[in-house]
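Engineer: here is my input; please provide its structure:
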Amino acid sequence: IKHDAHVEMDLDRCLDLLKDAKSDNEKMAALLLVAKMVRSGDIGEEGRRRVFEAVGFSFINRLLATRQLPEGCSVNTYRKIAVTMLACFCTDPELALHPQVTSKIPVFNEGILQSSPEDPGLAEDSLQCLQALSSSPSGLQQLVGWGTPEALASCFLRRGGVSKQACDLLLSVLGRREVVAENVGKVESAVTVLAEEFRANQDALKFELCEVLYSVLSVAGEVLQAGELVWLRSIATGLKEILSNKIGVSQRNAALQLSALLCHLFGVEWVVSTEEDDKSRPGTFFKLLIHLVGVEVQMLLSEVELSVVLRNSALLSSCFLILEQGVVYLAGLSEQMEQDKGTLPLSQEDLLQLHSVLTNALTFVIQFLQCLESHQDHTLLHHPLVGAAVRVLGAWLSEESLALSEEVYKLLPFLLRLCGSSLSEQPAPQTGELDSDAVASCVEMDSCQEVDLLKFLLPGLCHLTAEDKPRAILLKANIQKTLSQRFQDLCSEWSSAEAQGQLALCCGVVMNVCVCEPAAVKEDAAFTAVGGCLVRLLSEGSVMDENTSLALNAALLLLMISRRQGPDRIASHSGVVLAPVWSKVLQLLLETVRACPYLARGTSRLGDASQQWNQHSELWALAMQELTALASAWDDVRLAVANTSHCVTAFNEILSATTGQKEIEHVEAVQSIVGAVCSLLQAILQQSSSSPT
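Structural biologist: Next up, the predicted model:
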């Protein structure tokens, strides 16, 4: 209490001196005393308000504008006093947003770069003002607009007394996505400052910058995806220098984790694209990265103790992510090489070497999952590293079906078990959400219960269910139950791009089973449930307007299941009258064939006719065959065809319009399908009613 009383008395004297000052020199002397008291931190909120009322902004503006200083004063003397007063005002949230304060942001940006060990006051006070402004949305908006992120990055690189606080504030500012998303250029400027220093620096700061860039890109990476990304080349150069040299474990780990984050944000293509200028050694960094990651995975997963492996889960998850992206990228290159599409960044020999590296790494990933399968502690199955391992294995299975096939087959029941566990925890995909994993957690993934593992395995399951041995294993492991649950979730929320992609893949998996194992489909309730989901999906009608490819997949699968189980069973399960559904399916098939570029052009909602027909022709032909067979056997389907007789007429008109077309080789192929189907449909319409078989 005595201390507070003394502070109040001292403040009263200082403010009286300030009030009674007859000249600028007297006012300056009083202001120096006030500034000293303010910097001491003894003045409370009420005292700071009194200082503001006594000083105001006019004299502070004069201090900042004055360039002529008394002899013996440093160039920043007046500025330091002014900024100290402003820092005092900024402790009041209302005063901090005063236009007279926010207009001084360029002064604060410059002030944090004036730090020195002998006199850190200006930098500290400037940073205090910036911190106060960042605590409100409007203040934060002004900071980004005035280029404060770049100033904070430069302050960190100067290694002054406030560099750590500047870095912390930079991360805090960039973490406010709603603000920085509107100022991508300002954010890129800050990242460019750090990236350029990361490229050029050759001392310990380079390794520290590796960690800082990881933190910055973790919070601002998604926003930067809309930028020009020129700074990526500088980061790639710095990473290549680090990983090409003999370095410590922690330094290598930091470089690999930053590489993984960049792969997550920009795809592994960023590695190759940043080497375009190096014509003599294309793909050098990419090959180095894959080799290092492959070796790291083998070393870490060779540990006998599972607890040791799990302790390295953050690094392993980073390596898995790079492997996952590498598998997909190399598969694309192999396809381009087969099609002889121009100059590629890697040679055939490079591809073979990298394929060998990936195969060896995946061998250890599979062994790790096998070890978990037999482990007694089942809580380990929900460890984040398990989800990362399943992701990389899913990428491998989607592109490679021969190598490691026997090892994969043994693991399939366990993978389905993991998918069932994660599926029970997953909500339906939300509209517009293309990726459920946050950028910041790309190398520290969520628990297996919180990650949708099935979506990463679906492309591989399409390949596996087309082969006899793995399909038998999957059916024995009750894959149909897992897929049935997934259909229910997806069909209830199918409008997002992710849900539509998953639905098409799920349809492909079940189609393989329908074609190759019709007996397994005939009595299984899980396939009945899938049929019910498809009925509800097609009944809406909007899916046919918004995504023709998905509608064709759904229609074909519904026809396949109905043909094997009988339409009555599907109708009973779904509680929906199927006649309108069959009419919609027939209408869909009509409009699809109208888009065929080799037929007489008619009005169709499809876009580029040639491209669309190439995508849809096989699905269309199979669906027509299934519908014809179904209509031949079931009165309800036959009646629906009869009630959609205008479609039969339209098919005949299309058939007639093909006569005399010049592209005769294409026309004959289409005519053989359309003619046969039209003839059969007309015959069905002429038949008398008979009981369904």
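
Engineer: would you map the helices across the stretch 251-400 of the chain?
Structural biologist: For the stretch 251-400 of the chain, the helices defined by DSSP state H, counting those that start in this stretch cover 269-273, 284-301, 306-311, 313-338, 348-374, 384-399.

Engineer: point out where the stretch 1-150 of the chain drops to low pLDDT.
Structural biologist: The stretch 1-150 of the chain contains residues with pLDDT under 70 at 1-7, 24, 35, 38-42, 44, 72, 115-118.

Engineer: go on, the stretch 451-600 of the chain?
Structural biologist: Applying pLDDT under 70 to the stretch 451-600 of the chain flags residues 598-600.

Engineer: over to the stretch 151-300 of the chain?
Structural biologist: Residue ranges of the stretch 151-300 of the chain with pLDDT under 70: 275-282.

Engineer: check whether residue 89 really touches residue 54, as I assumed.
Structural biologist: No. Contact criterion C-beta atoms under 8 Å: residue 89 and residue 54 do not qualify, at 11.8 Å. Placement of C-beta: from N, CA and C, glycine included.

Engineer: who has more neighbours, these two?
Structural biologist: Set residue 89 next to residue 54 and count neighbours by other C-beta atoms under 10 Å: residue 89 wins out with 24 against 17.

Engineer: secondary structure element for the nearest residue to residue 104 once chain neighbours are set aside?
Structural biologist: Among residues not flanking residue 104 along the chain, residue 86 sits closest, at 6.1 Å (C-beta to C-beta, 6 or more residues apart in numbering). Taking DSSP states H and E as the criterion, residue 86 maps to helix 77-90.

Engineer: can you name every helix or strand that that helix contacts?
Structural biologist: helix 24-40, helix 45-55, helix 58-65, helix 93-96, helix 99-102, helix 105-111, helix 121-134 (3 or more C-beta pairs under 8 Å, 6 or more residues apart in numbering; DSSP states H and E).

Engineer: isn't the residue nearest to residue 104 up against residue 61?
Structural biologist: No. Residue 86 is not in contact with residue 61 according to C-beta under 8 Å; the separation is 10.5 Å.

Engineer: where's the closest residue in space to residue 97 that isn't next to it in sequence relative to residue 187, distance?
Structural biologist: The spatially closest residue to residue 97, leaving aside those adjacent along the chain, is residue 139, at 5.8 Å (C-beta to C-beta, 6+ apart). According to C-beta to C-beta, to the nearest Å, residue 139 and residue 187 sit 17 Å apart.

Engineer: just residue 413 next, same as before
Structural biologist: Residue 413 is 47 Å from residue 187, where distance means C-beta to C-beta.

Engineer: between those two, which has more neighbouring residues?
Structural biologist: Using other C-beta under 10 Å, the more surrounded residue of residue 413 and residue 187 is residue 187, with 23 against 16.

Engineer: what residues does that one make contact with?
Structural biologist: 144, 149, 174, 180, 220, 223-224, 227 (C-beta atoms under 8 Å, 6 or more residues apart in numbering).

Engineer: narrow those residues to those that are buried.
Structural biologist: 144, 149, 174, 180, 220, 223-224, 227 (16 or more other C-beta atoms under 10 Å).

Engineer: nearest to residue 133, of those?
Structural biologist: Set against residue 133, the nearest of the buried ones among the contacts of residue 187 by C-beta to C-beta is residue 144 (10.5 Å).

Engineer: what are the phi and psi angles of the residue lying closest to the closest one once chain neighbours are set aside?
Structural biologist: The shortest distance from residue 144 to any non-neighbouring residue, by C-beta to C-beta, 6+ apart, is to residue 183 (4.5 Å). Main-chain torsions, residue 183, degrees, to the nearest 10: phi -140, psi 50.

Engineer: so who does the residue nearest to residue 104 touch?
Structural biologist: Taking C-beta under 8 Å, 6+ apart as the test, what residue 86 contacts is 60, 101, 104, 108, 125, 129.

Engineer: please, where are all the helices along the stretch 401-550 of the chain?
Structural biologist: Using DSSP H, counting those that start in this stretch, helices in the stretch 401-550 of the chain cover 405-423, 454-464, 468-476, 479-492, 497-516, 518-522, 525-540, 542-546, 548-565.

Engineer: can you redo the ones you listed as JSON lines with distance to residue 349?
Structural biologist: Converted to JSON lines, the helices of the stretch 401-550 of the chain look like this (distance: least, C-beta to C-beta, whole Å):
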{"stretch": "helix 405-423", "distance to residue 349": "25"}
{"stretch": "helix 454-464", "distance to residue 349": "26"}
{"stretch": "helix 468-476", "distance to residue 349": "31"}
{"stretch": "helix 479-492", "distance to residue 349": "39"}
{"stretch": "helix 497-516", "distance to residue 349": "33"}
{"stretch": "helix 518-522", "distance to residue 349": "44"}
{"stretch": "helix 525-540", "distance to residue 349": "46"}
{"stretch": "helix 542-546", "distance to residue 349": "46"}
{"stretch": "helix 548-565", "distance to residue 349": "38"}
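
Engineer: nearest to residue 49, out of these?
Structural biologist: If you check each of the helices of the stretch 401-550 of the chain against residue 49 by C-beta to C-beta, helix 497-516 wins as the nearest, at 54.0 Å.

Engineer: can you list contacts of that closest one?
Structural biologist: Where contact means C-beta under 8 Å, 6+ apart, the residues beyond helix 497-516 that reach it are 428-429, 433-435, 455, 458-459, 461-462, 465-466, 468, 471, 475, 479-480, 483, 486-487, 490-491, 493-494, 520-521, 527, 530, 547, 549-550, 553-554, 556-557, 560-561, 564.

Engineer: among those residues, which ones are buried?
Structural biologist: Burial by neighbour count, judged by 16+ other C-beta under 10 Å, picks out 429, 455, 458-459, 461-462, 465-466, 471, 475, 479-480, 483, 486-487, 490-491, 494, 520-521, 527, 530, 547, 550, 553-554, 556-557, 560-561, 564 from the contacts of helix 497-516.

Engineer: give me the neighbour count for residue 593.
Structural biologist: Other residues near residue 593 number 25, with proximity taken as other C-beta under 10 Å.

Engineer: how about stretch 192-202: buried residues?
Structural biologist: Neighbour-count burial for stretch 192-202 flags 192-199, 201 (criterion: 16+ other C-beta under 10 Å).

Engineer: do the same with stretch 361-376
Structural biologist: If you call a residue buried by 16+ other C-beta under 10 Å, then stretch 361-376 has these buried ones: 361-366, 368-369, 372.

Engineer: and what of stretch 79-98?
Structural biologist: The neighbour-count check on stretch 79-98 (16+ other C-beta under 10 Å) flags 79-92, 95-98 as buried.

Engineer: swap in stretch 176-193?
Structural biologist: By neighbour count, with 16+ other C-beta under 10 Å as the criterion, the buried positions of stretch 176-193 are 176, 179-180, 183-184, 186-193.

Engineer: likewise for stretch 639-654?
Structural biologist: Neighbour-count burial for stretch 639-654 flags 640-642, 644, 647-648, 650-652, 654 (criterion: 16+ other C-beta under 10 Å).

Engineer: in terms of contact, does residue 84 touch residue 126 like I think?
Structural biologist: No. Contact criterion C-beta under 8 Å: residue 84 and residue 126 do not qualify, at 9.8 Å.

Engineer: in CSV, list the helices of the stretch 251-400 of the chain along with distance to residue 120.
Structural biologist: Output for the helices of the stretch 251-400 of the chain, formatted as CSV (distance: least, C-beta to C-beta, whole Å):
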stretch, distance to residue 120
helix 269-273, 39
helix 284-301, 40
helix 306-311, 40
helix 313-338, 35
helix 348-374, 50
helix 384-399, 42
